[in-house]
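Engineer: dropping a prediction and its sequence here:
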Amino acid sequence: MSRSKAWRPARNSAPTTGLPEALRTTLAPLLGEEVNALERSLAEPSPVSIRVNPFKPFRPEAESVPWCATGHYLPERPAFTFDPLLHAGAYYVQEASSMLLEPVLKASGMLEHDLIALDLCAAPGGKSTHLRSLLTPGSLLVANEIDRRRAGVLQENLWKWGQPNTVVCNSDPSDLERVESLFDLIVLDAPCSGEGMFRKDPFAREQWSTELVRQCATTQRGILEHAWNALAPGGTLVYSTCTWEPAENEEQLAALVALGATAIDPAFDPAWGAVRVEANGIIGHRCYPHRVKGEGFFVAALRKPGTWAARELKSNGTTTPLHGVRPEMAQHAIVHQEITYAIDARWAGPVHQLMGNVHVLSPGTPVSYVKGDRQRPHPALATNQLLDRAAFTTVEVNEQQAIAYLRGETLPAKDASGEALVIYAGLPLGWVHGAGNRWNNAWPDAWRIRTQQPRSGRVSWSGIAPRTGTW
């Protein structure tokens, strides 16, 4: 492999607490003398990267992540919490190595078709938002997270990302037994021992042990089995972890190769620095921080035996005009726990099938909810592509006013009444309700900024001028 263009951390590495000896023993056959370079790199600061939402008008002037069309490196980590554009879903803060999902998915050939995709272990939402952006607009994304609290974070991030045809579930992977062969594409970022996060997360280093590796490998085997059963014949499974352990990576996928799975070769550019792994019918790539400008990561993709056929999609649900939804994007309405959701009518059948078999939190884009005797626009509608801006009064705010709004404060007004949409830099943020001389805040309590002052500098694009136009 040529490494002449690969990123390397600075040579004047700070002292490190060192790799656990058992891990060093595992890595020695994989890296040889490079183990020492890896160890030094773990004492370096982690690169900071974001991935821009391609459907919202924000493009930072920053270094590009070479393997991701919308990825950018920042020179330092700013106070993202105090940037209204983050809350508007204009970008997602994501570790760069995990953006390698993009070339892997492109190599699969699946992105050209409308399909049903599943992100099985999806929280907090980095790969889900990335996957949703790469799929065709007509595709359906199902994002699942077994932990209820983390599922709430996943839901918030996908709602702010704002793309339709997105379903969020909170189910155990074993529930997939009831929806066999439903999905054309499955992304499984499996729970793992977390070695690749040693530099970024000190707790990952503290909790690591050979026993944790064994426990994770056992868990992964069970999840993989359920995922494989839920994958349609000829469909694609993308498997990733943030560990370098063969027992959690190649050895997990070997069982699927034995069942007839075939490897998909994404043919990464050697200049990226990822180490190619090819053995026993598996083609994967490992990222090491001393070679790649990112954290530790492993990714591989397999195709299930059988012939995959593109879906012949027809509307299998009624469409209903919904207040606040663009008229040209007629949707099927689903009322779930007093919230009205919108989903493309072509996906009504699969979504209702999911609702009958797994724990669905949100079966589409939330449009409105019941409060008292009224229907009010849902916070998720404000940042979604389905939004019909023309249906609402708008309130333009500057950066200072936007931050006050995100804290939950009221906004000054004159003769304010009804619902209005708060707009910052050309992007909708959320809702306010008129009360004469003020706009009452409808930004969800759980999403509010609670920190009083930023602990680091503002983002480099802070104070940008408002944009015009739609998205």
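Structural biologist: Cool, the structure landed. Numbering: from 1, shown residues only.

Engineer: residue ranges with poor pLDDT in this structure?
Structural biologist: Applying pLDDT under 70 to the chain flags the ranges 1-17, 463-471.

Engineer: give the residue farthest from the middle of it.
Structural biologist: residue 415 (40.7 Å; C-alpha atoms, centre = their mean).

Engineer: end-to-end on stretch 366-375?
Structural biologist: The first and final residues of stretch 366-375 sit 12 Å from each other (C-alpha to C-alpha, to the nearest Å).

Engineer: and it, how far out from the chain middle?
Structural biologist: In terms of C-alpha atoms, centre = their mean, to the nearest Å, the centre of stretch 366-375 is set 28 Å apart from its chain centre.

Engineer: hang on, the earlier thing: can I assume the residue farthest from the centre of the chain is in contact with residue 436?
Structural biologist: Yes. Under the criterion of C-beta atoms under 8 Å, residue 415 makes contact with residue 436 at 6.7 Å. Where you see a C-beta, it was placed from the backbone N, CA and C, and this is true even at glycine.

Engineer: what about the strands in the stretch 351-471 of the chain?
Structural biologist: Secondary structure of the stretch 351-471 of the chain by DSSP state E, counting those that start in this stretch: the strands cover 360-362, 365-371, 374-377, 393-397, 411-416, 419-424, 427-434, 436-441.

Engineer: for those, give me TSV that also has distance to residue 191.
Structural biologist: Shown next, in TSV, are the strands of the stretch 351-471 of the chain (distance: least, C-beta to C-beta, whole Å):
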stretch	distance to residue 191
strand 360-362	20
strand 365-371	28
strand 374-377	36
strand 393-397	40
strand 411-416	42
strand 419-424	36
strand 427-434	33
strand 436-441	37
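
Engineer: out of those, flag the one nearest residue 149.
Structural biologist: Ranking the strands of the stretch 351-471 of the chain by proximity to residue 149 (C-beta to C-beta) places strand 360-362 first, at 12.1 Å.

Engineer: quick one: the helices in the stretch 251-400 of the chain, in order.
Structural biologist: For the stretch 251-400 of the chain, applying DSSP state H, counting those that start in this stretch gives helices covering 348-355, 379-382, 399-406.

Engineer: who does the top strand by length along the chain pair up with?
Structural biologist: As assigned by DSSP state E, the longest strand anywhere in the chain is strand 231-241. Looking at strand 231-241 with DSSP bridges, its partner strands are strand 183-189 (parallel), strand 297-303 (antiparallel).

Engineer: list the buried residues for that strand?
Structural biologist: 231-232, 235-241 (16 or more other C-beta atoms under 10 Å).

Engineer: what's the answer for stretch 172-180, then?
Structural biologist: So for stretch 172-180, counting by 16+ other C-beta under 10 Å, buried means 173, 175-176, 179.

Engineer: mind putting the residues you listed into JSON lines with secondary structure and distance to residue 91?
Structural biologist: Below are the buried residues of stretch 172-180 laid out as JSON lines (DSSP: H, G, I helix; E, B strand; the rest coil; distance: C-beta to C-beta, whole Å):
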{"residue": "173", "secondary structure": "helix", "distance to residue 91": "30"}
{"residue": "175", "secondary structure": "helix", "distance to residue 91": "32"}
{"residue": "176", "secondary structure": "helix", "distance to residue 91": "31"}
{"residue": "179", "secondary structure": "helix", "distance to residue 91": "33"}
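
Engineer: which of those residues sits closest to residue 245?
Structural biologist: Nearest to residue 245 among the buried residues of stretch 172-180, counting by C-beta to C-beta, is residue 173 at 20.4 Å.

Engineer: wait, isn't the closest one in contact with residue 228?
Structural biologist: No. Assessed by C-beta under 8 Å, residue 173 is found out of contact with residue 228, at 10.7 Å.

Engineer: strands along the stretch 51-200 of the chain, start to end?
Structural biologist: Using DSSP E, counting those that start in this stretch, strands in the stretch 51-200 of the chain cover 63-64, 71-74, 91-93, 116-119, 140-144, 166-169, 183-189.

Engineer: just checking, what packs against the fourth one?
Structural biologist: Looking back up the chat, that one is strand 116-119. helix 126-134, strand 140-144, strand 183-189 (3 or more C-beta pairs under 8 Å, 6 or more residues apart in numbering; DSSP states H and E).

Engineer: tell me the most buried of these?
Structural biologist: A comparison of the helices and strands packed on strand 116-119 by mean neighbour count, using mean count of other C-beta atoms under 10 Å, puts strand 140-144 on top with a mean of 28.

Engineer: quick one: contacts for the residue nearest in space to the middle of the chain?
Structural biologist: With distances taken as C-alpha atoms, centre = their mean, the residue of the chain nearest its centroid is residue 126 (2.4 Å). By C-beta atoms under 8 Å, 6 or more residues apart in numbering, the contact list for residue 126 reads 51, 92, 94-95, 98.

Engineer: can you say which of those residues are buried?
Structural biologist: Looks like the contacts of residue 126 have 51, 92, 94-95, 98 buried, using 16+ other C-beta under 10 Å.

Engineer: now render the residues you listed as TSV, adding distance to residue 298.
Structural biologist: Converted to TSV, those look like this (distance: C-beta to C-beta, whole Å):
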residue	distance to residue 298
51	20
92	21
94	17
95	13
98	11
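
Engineer: now the nearest residue to residue 73 once chain neighbours are set aside: how far from residue 268?
Structural biologist: Distance criterion C-beta to C-beta, 6 or more residues apart in numbering; nearest residue to residue 73, sequence neighbours excluded, is residue 63 at 4.3 Å. The gap separating residue 63 from residue 268 is 19 Å, by C-beta to C-beta, to the nearest Å.

Engineer: do the same with residue 311
Structural biologist: Distance from residue 311 to residue 268, by C-beta to C-beta: 30 Å.

Engineer: which one is residue 182 nearest to, not counting chain neighbours?
Structural biologist: Once flanking residues are discounted, residue 182 sits nearest to residue 230: 5.9 Å by C-beta to C-beta, 6+ apart.

Engineer: around that neighbour, how many other residues sit close by?
Structural biologist: 23 (other C-beta atoms under 10 Å).
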